[in-house]
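1. turn this into a model:
(chains A, B, C, D, E and F)
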Protein chains: 4
Amino acid sequence: MTEPNAPDQPPPQTEAAPKFRRRKEARPDELLDAALALFTEKGFDRTRVEDIARRAGVSKGAVYLYFPSKDAMIEALVDRAVGGVAQSVAARLNDFNGDPRVLLRSLLPMVAAKLADPKVIAVPRLVVQEAGGHPRLAAIYRARVIDHVLPAARGMFARAVEAGHIRAIDPDLALRLVMGPLALHAIMDQVFDIHASGGTDFAAVFDGLLDILDAGLDPALPPVGGATPRKES
Amino acid sequence: MTEPNAPDQPPPQTEAAPKFRRRKEARPDELLDAALALFTEKGFDRTRVEDIARRAGVSKGAVYLYFPSKDAMIEALVDRAVGGVAQSVAARLNDFNGDPRVLLRSLLPMVAAKLADPKVIAVPRLVVQEAGGHPRLAAIYRARVIDHVLPAARGMFARAVEAGHIRAIDPDLALRLVMGPLALHAIMDQVFDIHASGGTDFAAVFDGLLDILDAGLDPALPPVGGATPRKES
Amino acid sequence: MTEPNAPDQPPPQTEAAPKFRRRKEARPDELLDAALALFTEKGFDRTRVEDIARRAGVSKGAVYLYFPSKDAMIEALVDRAVGGVAQSVAARLNDFNGDPRVLLRSLLPMVAAKLADPKVIAVPRLVVQEAGGHPRLAAIYRARVIDHVLPAARGMFARAVEAGHIRAIDPDLALRLVMGPLALHAIMDQVFDIHASGGTDFAAVFDGLLDILDAGLDPALPPVGGATPRKES
Amino acid sequence: MTEPNAPDQPPPQTEAAPKFRRRKEARPDELLDAALALFTEKGFDRTRVEDIARRAGVSKGAVYLYFPSKDAMIEALVDRAVGGVAQSVAARLNDFNGDPRVLLRSLLPMVAAKLADPKVIAVPRLVVQEAGGHPRLAAIYRARVIDHVLPAARGMFARAVEAGHIRAIDPDLALRLVMGPLALHAIMDQVFDIHASGGTDFAAVFDGLLDILDAGLDPALPPVGGATPRKES
DNA sequence: TATGAATGAGAGTTCATTCAT
DNA sequence: TATGAATGAACTCTCATTCAT
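-> Okay, the predicted model is just below:
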């Protein structure tokens, strides 16, 4: 092309000239990044707006050019983080009709990589931390993530039981079985600074978990807990 | 007569009249109960000392007769809660040399009952919630609970593998597998108000989990994750 | 007698021992006095809560023990000032059936004395000053004062015209004729620091005004403005 | 080009097309108009510079191209409004040697029309409202208006008494008598939204007032208030 | 000229903590 | 012991003013 100079590219330099041009569009994201880091580190209430501003390299007042309040920031944070992930995961779960263990193994590398990204786990952690004081956070997260993924996962497990791919198990229990170890792994790592033998490696946990489930979910085995799946409330 | 019974003086009974004659010695505990309830409900920072006082039925100033600061309260809270439980559990783990699945099944009712008590789960939840802003909380909990139970559990699993009661598995992974589902169950219940088919019943989750582990940990199976247990950091 | 020491009377001194005893009940009034002085002097918005507190001899925070907000103070101020005055004036107007000029002359000393008290005129002045930014102020004043006095005055004038005590005049006009000179007198005095020959003496203005009205309202004269009294909106 | 008529370019007319081609010279006035409207409506302190700018159709920064500060705007506002009016009124008063009641009747239509213009009464109202916080406002208004009109009015009344056109009356009192009802009429209308039978019609008030004065100032009557005119301070 | 992003001092309000009673 | 009025530091949010573009 003869016209590569997009109007936003001053000189075709390498990439980040962070102070050459005050990029209005980038500010909100930079502020949210700063806020996320600080909220996770010290908690929402103990983080001053001025801290966020300073970390993002702007003045206190500038924050309010982009967000109407501190509360709005934490909501925007969660909102931003839950973008398309939930939908795509839910879609894959809905489309799948085989053995969950196979699906989980194929999902493993992606999920492990996602969870290893500090900016990704930080958000659910934040939600858990602050949900007490900010009921809306839990509501947002639930509406945008959980309410999409949970039914999809439940359905997927139910179909797998039905089709005889795995032994009979309450889908709600199955979900807790699969995600629980990962959650606890994250909590020990982030909250208590206790790292397993394999370090902060979600893949190892996930991998070991699947090894257990390979045998533990064998369709030849009798129903788990003797329970018949019921409706979740 | 000349000595009318002041309305606050009960008939001089034995003791178990928690409403009358509960003074001095009971105060700190009543304050901690009130604090725990409020901290869990609204978070530490959003709970005012006056709220705690009012809920405990005393004046704001009285709180400072028993605790030097608000921070001291949350620490005392955690301290109190982790009393002898950890030690006794750790002791049982250390003494045990058989199949973990058997131990877990025998522990099940006790553990489930404990976790169902709101005042019990409230504390770990609080620690997770507030650890960001109060690093000492995590430290206390770790020193008083985790550092006792974790090595004991790890050793118990290691011995079980060694003795061939279960297939080879990294004890750290085993721990996450066993406790993770319970942790997630609690989080979904408390934070997101999502309750499984079986309600807020830890026993059902625990029971189902053990069904899975019965098969999944069969000693005839090859090592989990192909991993050799290493030291935890 | 032998027991003169009432618990509130430290030594039987003259009267005001303002710092010996922190009189909780007096605080709100002291704060309102301070607020009234400052609001009148510098305007509501340019008065800092801390200024009020300092003037009342307390700390900034103490203000909020007595008033939930700065806005609440100005409203309380107006509320307090309009106590029973309006009612009593309205009652006298309603009860009167004679010549308004007689009534006005008898009212003169009382009204003049009232208006000469700085704490009295300060309030209507404040209302006029701040009504723009605080519509509720105007509403309070109107509800508590104007809406009582105005209809009473209107009725009184109407009856006087009817009975032939004064020439026909629109009561609304009569009201403006009587009160207007006093209002302007106050404005010139307070706002522009311009004092008439007689100083800030409302009595002189009132007196002169009545001299004019004695002749100007003579019932033998034709209707004022040729207008028939109509309803006020 | 065949398409010269940009929608903003009117046919090159003479001048009186205030919507098109209003640039440079008109800006300050437009800004003051916007400021006057907003100051009157919400008060000086509660009006943001940005509000003024938006109402005038320019950016916030542009305001500072024309006025050095927000304070300067309110002063300019008052300055602008008191242009030649005061001088011309003062001149007429100074030149007049007859019966004030005649003069006032001849002035009536003009004065009533002036006061009915919202942009005219808005300024004295603003001065009264904001004088507390902006002593310079009162000073400007006094220097530019009151100090011209007041002595002229006083002289005119003094001459009229001297010449026997009206009964003896303190000119300062006379002034309050004449202007007071109009002032109160405006206050009730603007501040309390209370309108007399005749609506917001200054002419009716003025007219009725003069009817009263016709009789009340009859030169045959004895001196008003028994007072001898003295110097105003 | 004109824009509007950015600044930063300052205001209202809250609340842990103290202390006279 | 117990109270609760009082303090004052700290925090969120606003807005007049500046300045790079």
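2. how about chain A: which residue is closest to chain C?
-> residue A:69 (18.7 Å; Cβ to the nearest Cβ). Glycine gets a C-beta too; all of them are placed from N, C-alpha and C.
3. just give me how far the lengthiest helix in chain A sits from the chain centre.
-> Counting residues, the longest helix in chain A under DSSP state H turns out to be helix A:171-190. Centre-to-centre, helix A:171-190 and its host chain are 13 Å apart (Cα atoms, centre = their mean, to the nearest Å).
4. now stretch A:95-108
-> Mean C-alpha position of stretch A:95-108 versus that of the full chain (Cα atoms, centre = their mean) differs by 19 Å.
5. got the contact list for that stretch?
-> Residues external to stretch A:95-108 that are found in contact with it (Cβ atoms under 8 Å, 6 or more residues apart in numbering or on different chains): A:92-93, A:156-157, A:159-160, A:163, A:165-166, A:174, A:178, A:203, A:206-207, A:210, A:213-214, A:217.
6. now do the domain split for chain A, please.
-> Segmentation of chain A into domains, based on automatic domain parsing, reads A:27-77, A:82-226.
7. these: lowest mean pLDDT?
-> Within the domains of chain A, confidence is poorest for domain A:82-226, with a mean of 90 (mean pLDDT).
8. close to DNA strand E, is it?
-> No: counting by Cβ under 7 Å from any atom of the strand, DNA strand E has no neighbours in domain A:82-226; the shortest distance is 10.7 Å.
9. how about that domain and DNA strand F, any contact?
-> No: figure legend: domain A:82-226 not in contact with DNA strand F (Cβ under 7 Å from any atom of the strand); closest approach 12.5 Å.
10. follow-up on the earlier one: any chance of the domains of chain A in a markdown table, plus mean neighbour count?
-> Written out in a markdown table, the entries for those read as follows (neighbours: other Cβ atoms under 10 Å in any protein chain shown):
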| stretch | mean neighbour count |
| --- | --- |
| domain A:27-77 | 18 |
| domain A:82-226 | 19 |
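11. so which of those domains gets nearest residue D:36?
-> Each of these was checked against residue D:36 via Cβ to Cβ, and the shortest separation belongs to domain A:27-77, namely 28.6 Å.
12. gap between the residue of chain A closest to chain C and chain D?
-> If you measure residue A:69 against chain D using Cβ to the nearest Cβ, to the nearest Å, the figure is 18 Å.
13. do residue A:193 as well
-> Here the distance between residue A:193 and chain D works out to 48 Å (Cβ to the nearest Cβ).
14. please settle this for me: is that residue part of a helix?
-> No: using DSSP: H, G, I helix; E, B strand; the rest coil, the secondary structure at residue A:193 is coil, not a helix.
15. so who does the residue lying closest to it once chain neighbours are set aside touch?
-> Nearest residue to residue A:193 in three dimensions, chain neighbours excluded: residue B:138, at 7.5 Å (Cβ to Cβ, 6 or more residues apart in numbering or on different chains). The neighbourhood of residue B:138, defined by Cβ under 8 Å, 6+ apart, consists of A:191, A:192, A:193, B:127, B:131.
16. ditto for residue A:201
-> Contacts of residue A:201 were listed using Cβ under 8 Å, 6+ apart, and they are A:112, A:116.
17. what about the contacts of stretch A:95-108, which are in helices?
-> Using DSSP H, the subset of these located in helices is A:92-93, A:156-157, A:159-160, A:174, A:178, A:203, A:206-207, A:210, A:213-214.
18. could you dump the domains of chain A to CSV with distance to residue C:116?
-> Written out in CSV, the entries for the domains of chain A read as follows (distance: least, Cβ to Cβ, whole Å):
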stretch, distance to residue C:116
domain A:27-77, 48
domain A:82-226, 55
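19. with adjacent residues omitted, what lies nearest to the residue in chain A positioned nearest to chain D?
-> Ranking the residues of chain A by distance to chain D (Cβ to the nearest Cβ) places residue A:65 first, at 12.4 Å. Distance criterion Cβ to Cβ, 6+ apart; nearest residue to residue A:65, sequence neighbours excluded, is residue A:27 at 7.8 Å.
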